[in-house]
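Undergrad: Turn this into a structure:
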Amino acid sequence: MDRREFIKKSALGLTAVALGSVALPPMFRRTEALAANGGLDLEIVDVYHEMVDGQLIYSWAFSIGGVPSIPGPAIFVTEGEPVTLNITNRLDEPHSFAIKGDNSNPFVVNSPPIPPGTENYPVSFTAPAPGTYIYQDLVNAPVGRVLGLHGVLVVMPSKSFAAHDTPYGLLAAANPIQMLFNDLGFAPWFPGDCWRPERQVLWVFSELDPRYNRMAELGQTIDPADLLKNYLPSYFFINGRSGYFSAFDHVHHYNMEHDLAMPMPKQIPPPDGFIPAQEFDTDIMAYQGQPILIRNVHVGLDTHSPHTHANHCYMLAQNGVLLGDARQGACWWVDTWTMLPEERMDLIFPMIMPPDIVTAMPANLPAGVPQIGLPPDLAGYDIWEKLKNGTSQEGFGPGEESHWNVAHSGPGFPMAWPMHSHQEISQTAAGGNYPQGLITHIEILGDFAKKNSPM
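TA: Numbers count the residues shown, from 1 in each chain. Next comes the predicted model:
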């Protein structure tokens, strides 16, 4: 593979780095890279990106500490602080580093083209207002972004966090977003805890048309107009992953034993514990009443329509604009939202128990028995007894069949739901493999969280 790196599908995920005084949220700390005193060193390299079906696709990527990733490392900074990036371009053509802002400030930073072979080219800027931003290569745009040169800049407020603060600091009392965050963990309809900066995830949506990646691999020039007109992706990603690798929990591995000669189930973390699955994965995992901030960005060319099961979300910001009084006093309450190329949206997922859950059912289940697949008459206990006695599932009577592939401990928990796109093609890979595209899941791990817990 010459000098190119290899990004494996099962190892790919978000890396992250904190610059200046900001603290990196715990779910990213395992991937933390340390910035040198003179700034953060970023390389632009070429890689082979392994698809969900095993295909190796030539791509471009940002690399930090010798580790390339698609998307590039999530960079966490504090508003108002100076930021310096030292960029080395190891490709054979010029590339740039740019961060778009809003209507009042179109660019946070926009470097000139960085020639091939250039090392440690300094790009400096002041961290903008709190929010979620996309960094990307704008030379021959959108070619560089689509081929992998993209990432997320997260700007946190400069003030120390206090209960009921928003991701943008403490807002005016009459601001609808502030009113929502005042209710989280306090109002009867949002029992649990307030939002805390430790609870946030990134969803970077993208896709890939292998024809253009092949052109880049062969050294051919890609016409941006042709790309925009004829782009036909066959792979779809959240945080550079697809299907099983974006929907499955890779850090938490649970198995079931009891009397069935299988490995014993691990205990789910306590309500005030740290949830390691969020270090690498795209899924949402928390206890009831632990609201999570979802930072969405779209770096591809298709239109995507993320859809959450279990809870509706509250839309907080769109492309850097807070959805407050200017939108007639409402943060939108949605379970599906539409994302166009280069859009950025922040939402809060309240992590409340859906009202249609039959709460009596978990109480009737013995500990360790999953609720998935239970027949309407709640015959789960009888089925469990038959399994313990050696009866195979094939021998069950009508309506007794049950799935035993979920092996978490505790009656009825965790409860899992999907997050997928309503653009149906994005759920596939390689022209039809389903569900191997843009999909992940949501898990409520257990009962209400302890007040003021660190998670």
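Undergrad: Tell me which strands the longest strand along the chain pairs with, and in which orientation.
TA: When the chain is parsed with DSSP state E, its longest strand is strand 40-50. Partners of strand 40-50 in the sheet, by DSSP bridges, are strand 5-7 (parallel), strand 56-64 (antiparallel), strand 82-89 (parallel).
Undergrad: now it, how far from the chain's geometric center?
TA: Taking C-alpha atoms, centre = their mean, to the nearest Å, the mean C-alpha location of strand 40-50 is offset from the chain mean by 20 Å.
Undergrad: For the protein, which residues score under the pLDDT cut-off?
TA: 1-4, 8-13, 26-38, 248-281, 325-330, 356-412, 449-455 (pLDDT under 70).
Undergrad: all helices of it, in order?
TA: 143-146, 176-183, 210-217, 224-230, 244-247, 360-363, 380-388 (DSSP state H).
Undergrad: Mean neighbour count added to those, as TSV?
TA: From N, CA and C alone the C-beta is placed, and that goes for glycine too. Converted to TSV, the helices of the chain look like this (neighbours: other C-beta atoms under 10 Å):
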stretch	mean neighbour count
helix 143-146	26
helix 176-183	20
helix 210-217	18
helix 224-230	12
helix 244-247	22
helix 360-363	12
helix 380-388	16
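Undergrad: Tell me which of the ones you listed lies nearest to residue 290.
TA: helix 176-183 (13.8 Å; C-beta to C-beta).
Undergrad: Relative to residue 154, how far out is the nearest residue to residue 24 once chain neighbours are set aside?
TA: Leaving aside its sequence neighbours, residue 24 sits nearest to residue 18 (C-beta to C-beta, 6 or more residues apart in numbering; 4.0 Å). Plainly put, residue 18 is 9 Å away from residue 154 if you go by C-beta to C-beta, to the nearest Å.
Undergrad: Kindly report the same for residue 237.
TA: Applying C-beta to C-beta, the value for residue 237 to residue 154 is 19 Å.
Undergrad: which of those two has more neighbours?
TA: Counted by other C-beta atoms under 10 Å, residue 237 and residue 154 do not tie: residue 237 has more neighbours, with 30 against 23.
Undergrad: who does that one bridge with?
TA: Going by DSSP bridges, residue 237 forms beta bridges with residue 206.
Undergrad: who's in contact with it?
TA: Taking C-beta atoms under 8 Å, 6 or more residues apart in numbering as the contact definition, residue 237 lies against 70, 204-208, 246, 437-438.
Undergrad: now swap in residue 109 and tell me
TA: Residue 109 makes contacts with 97-99, 123-125, as judged by C-beta under 8 Å, 6+ apart.
Undergrad: State the pair within these that is farthest apart.
TA: Spanning the widest gap among the contacts of residue 109 are 98 and 124, at 13.3 Å by C-beta to C-beta.
Undergrad: residue ranges of the strands in the stretch 151-300 of the chain, please?
TA: Secondary structure of the stretch 151-300 of the chain (DSSP state E, counting those that start in this stretch): strands located at 200-208, 235-238, 284-286, 292-298.
Undergrad: Save those strands as JSON lines, and put in distance to residue 91 too.
TA: Formatted as JSON lines, the strands of the stretch 151-300 of the chain follow (distance: least, C-beta to C-beta, whole Å):
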{"stretch": "strand 200-208", "distance to residue 91": "18"}
{"stretch": "strand 235-238", "distance to residue 91": "21"}
{"stretch": "strand 284-286", "distance to residue 91": "36"}
{"stretch": "strand 292-298", "distance to residue 91": "23"}
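Undergrad: ranking those by burial, who's on top?
TA: Ranked by mean neighbour count under mean count of other C-beta atoms under 10 Å, those are led by strand 235-238, which reaches a mean of 28.
Undergrad: Quick check: the two most widely separated of the contacts of residue 237?
TA: The distance between the two most remote of the contacts of residue 237 (C-beta to C-beta) is 15.6 Å, for 70 and 437.
Undergrad: Run through the strands of the stretch 1-150 of the chain in chain order.
TA: Counting by DSSP E, counting those that start in this stretch, the stretch 1-150 of the chain has these strands, from start to end: 5-7, 16-18, 40-50, 56-64, 67-69, 74-78, 82-89, 98-100, 107-110, 121-126, 131-136, 150-156.
Undergrad: Spit out the contact partners of residue 72.
TA: Contact analysis of residue 72 by C-beta under 8 Å, 6+ apart lists 15, 42, 61-62, 64, 135, 149-151.
Undergrad: What about these, which one has the most neighbours?
TA: Counting neighbours by other C-beta under 10 Å, the top entry in those is residue 151, with 30 neighbours.
Undergrad: That residue contacts residue 76, doesn't it?
TA: No. The criterion here is C-beta atoms under 8 Å, and residue 151 misses it with residue 76 at 11.6 Å.
Undergrad: Residue 313 and residue 351 touch, don't they?
TA: No. Using C-beta under 8 Å, residue 313 is not in contact with residue 351; the gap is 10.5 Å.
Undergrad: which ones are touching residue 332?
TA: Contact analysis of residue 332 by C-beta under 8 Å, 6+ apart lists 314-315, 323.
Undergrad: ok, now residue 57?
TA: Residue 57 neighbours (C-beta under 8 Å, 6+ apart): 48-51, 208, 210, 213, 235.
Undergrad: Report the beta-bridge partners for residue 307.
TA: Beta bridges link residue 307 to residue 336, residue 420 when assigned by DSSP bridges.
Undergrad: and the gap between it and residue 318?
TA: Noted for residue 307: a distance of 17 Å to residue 318, by C-beta to C-beta.
Undergrad: Neighbour count for the two, which is higher?
TA: The neighbour comparison of residue 307 against residue 318 (other C-beta under 10 Å) goes to residue 318, with 18 against 15.
Undergrad: so the closest residue to that one other than its chain neighbours bridges to which residues?
TA: Nearest non-adjacent residue to residue 318, counting by C-beta to C-beta, 6+ apart: residue 345, 5.3 Å away. For residue 345, the beta-bridge partners are residue 296, residue 318 (DSSP bridges).
Undergrad: Adjust the sequence numbering to begin at 8 for everything that follows.
TA: Shifting the count to begin at 8 puts that one at residue 352.
Undergrad: Now residue 204: closest residue in space, sequence neighbours ignored.
TA: Closest residue in space to residue 204, ignoring its immediate chain neighbours: residue 168 at 5.6 Å, by C-beta to C-beta, 6+ apart.
Undergrad: Okay, the one you found and residue 302: tell me how far apart.
TA: Distance, residue 168 to residue 302, by C-beta to C-beta: 17 Å.
Undergrad: about what we covered before: give me the angle between the longest strand of the chain and strand 128-133.
TA: On the basis of axes from the mean of the first three to the mean of the last three C-alpha atoms, to 10 degrees, strand 47-57 is oriented at 110 degrees to strand 128-133.
Undergrad: Report the angle between strand 47-57 and strand 157-163.
TA: 140 degrees.
Undergrad: can you pull the alpha-carbon coordinates of strand 47-57 into CSV?
TA: Output in CSV follows, covering the C-alpha atoms of strand 47-57 (Å, rounded to 0.1, in the frame of the first residue of the first chain):
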residue,chain,number,x,y,z
LEU,A,47,-1.7,21.2,17.5
ASP,A,48,0.2,19.4,14.8
LEU,A,49,-2.1,18.1,12.0
GLU,A,50,-1.0,16.2,8.9
ILE,A,51,-2.9,15.7,5.6
VAL,A,52,-2.3,12.2,4.4
ASP,A,53,-3.7,9.6,2.0
VAL,A,54,-5.2,6.4,3.4
TYR,A,55,-7.1,3.2,2.6
HIS,A,56,-10.4,3.3,4.3
GLU,A,57,-12.0,-0.1,4.9
